[in-house]
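Participant: below are the sequence and a predicted model; questions follow.
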Amino acid sequence: MMQFDLFDTLGFLTVNTALHAKQNLNSIFLRSGTDATLDQFVVMSVLLINDGIVQKQISEKCDKSDSNLTRILNVMESKKLIMRKTGKDARSRSIYLTETGKQLYSKLAPLASDYNRQVFEGFSETEMRMFKGLLLRMRENLMKPGS
């Protein structure tokens, strides 16, 4: 029988590392006195640049399933971080970042930036560019039909 060490694969290491990074950043956000999550921060980041877009567009930009994003948006709306407005088509509502959401983003962004610097401490600019390029290629491969 073929020996396969899952725990030594780049795929497992990538997913496991991303999971730890997400958990750590969620903990940093919690310790800062907020109950925001990385998922909510990602949505805030999208809306900061694209305020008033519809859920489908946010889903594509965040790479979240519609059901997962709906859950995230419902929580954010209950915290008054976002506001949904119905437009001409009642089936699609535009989503806006509220002033409360903008203020929270301003508090979280420096924490995320500091954490990012900590994670990549000791990496050269060349290593960072190479790593980013490799991850983008990996993602392209995963997006191919049949992957």
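Facilitator: In hand now; what should we look at? Residues are numbered from 1 along each chain as shown.

Participant: how about stretch 84-98, which residues are buried there?
Facilitator: Ile95, Leu97, Thr98 (16 or more other C-beta atoms under 10 Å). Glycine gets a C-beta too; all of them are placed from N, C-alpha and C.

Participant: same check on stretch 64-84?
Facilitator: Using 16+ other C-beta under 10 Å as the test for burial, stretch 64-84 gives Lys64, Leu69, Ile72, Leu73, Val75, Met76, Lys79, Leu81, Ile82, Met83.

Participant: list the helices and strands the helix or strand containing the third one packs on?
Facilitator: Same thing as Ile72. In the assignment (DSSP states H and E), Ile72 maps to helix 66-78. Helix 66-78 sits against helix 38-49, helix 55-62, strand 82-86, with contacts defined as 3 or more C-beta pairs under 8 Å, 6 or more residues apart in numbering; DSSP states H and E.

Participant: mind checking the ones you listed for the one nearest to Thr126?
Facilitator: helix 38-49 (26.5 Å; C-beta to C-beta).

Participant: average pLDDT for the helix or strand encompassing Val15, rounded please.
Facilitator: Assigned by DSSP H and E, Val15 belongs to helix 10-31. Averaged across helix 10-31, pLDDT comes to 96.
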